[in-house]
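Undergrad: Got a predicted model here, sequence first, then my questions.
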Amino acid sequence: MRKITFVDNGSVSFSNPVRQPLFDFKDCLGGGAEKAVRAAESLKEIYPGVDSNGYKMSVPMAGHPIIDEGTVKSEFETLQQLVDEHDAIFLLMDTRESRWLPTVMGKAAGKIVMNAALGFDSFVVMRHGAKDTARPEQELGCYFCNDVVAPADVSLSPEDTKPSELTSSGPSPSQIEPLTSSALSLVQGSLP
Ligand SMILES: [Zn+2]
């Protein structure tokens, strides 16, 4: 596995390095390095043979207003190109609504979609189902299949304190292990 691409709209903040080991303190200075770009550079510092790139951009979100149609369209097109160019998509997002578009795009393109979501006292690690044309009745669901409400804009709700900011210095490494193990088991054929 040599090609890894990061998509993130943010900059490295002082709360990040403790749980996001591709960043360190100096990445937080001066307003913070661009996360996606810095993460790609950091991977190359660990292993120069990796083909790693970062895209600083937003993922269009269900339920959020479209402020600038041209920007959202170009972000969608970039995301579409990235989905097409990659075999697996890891959804390491902050909110339900930010997971929605890459979920349906991954599904439409028949890609492996892996998902990790953190709550205050729990977390979810799962892979999304891809179509098995030989056994369509065995198709697995996605993150949204069992939801009773559609994704919506939670950015204005009083519950919008990000669990990642509060709890994930411990749980995020714990989440990553089953997430990556599951993805590797899938591509190496030990999962159905
Ligand atoms: Zn679904």
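TA: Structure received. Numbers count the residues shown, from 1 in each chain.

Undergrad: Now do the helices in the protein.
TA: For the chain, helices defined by DSSP state H occupy the ranges 25-28, 35-46, 69-85, 96-109, 163-167, 171-187.

Undergrad: Could you say which of these is packed most deeply?
TA: Neighbour counts (mean count of other C-beta atoms under 10 Å) averaged over each of the helices of the chain peak at helix 96-109, with a mean of 19. Any C-beta I mention is one placed from the backbone N, CA and C, and that applies to glycine too.

Undergrad: Setting aside sequence neighbours, what's the nearest residue to Cys142?
TA: Residue nearest to Cys142 in three dimensions, not counting chain neighbours: His128, with 4.2 Å by C-beta to C-beta, 6 or more residues apart in numbering.

Undergrad: show me the contacts for the one you found.
TA: Contact partners of His128, counting by C-beta atoms under 8 Å, 6 or more residues apart in numbering, are Thr103, Gly106, Lys107, Ile112, Val113, Met114, Asn115, Leu140, Gly141, Cys142, Tyr143.

Undergrad: could you dump the helices of the chain to CSV with distance to the ion?
TA: Shown next, in CSV, are these (distance: least, C-beta to the ion, whole Å):
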stretch, distance to the ion
helix 25-28, 36
helix 35-46, 27
helix 69-85, 16
helix 96-109, 7
helix 163-167, 22
helix 171-187, 17
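
Undergrad: where in this structure is pLDDT low?
TA: Under the criterion pLDDT under 70, the flagged ranges of the chain are 131, 156-170, 190-192.

Undergrad: what's the first-to-last distance across stretch 112-126?
TA: 11 Å (C-alpha to C-alpha, to the nearest Å).

Undergrad: Sort out which residues of that stretch are buried, please.
TA: Residues of stretch 112-126 classed as buried: Ile112, Val113, Met114, Asn115, Ala116, Ala117, Leu118, Phe123, Val125, Met126 (neighbour count, 16 or more other C-beta atoms under 10 Å).
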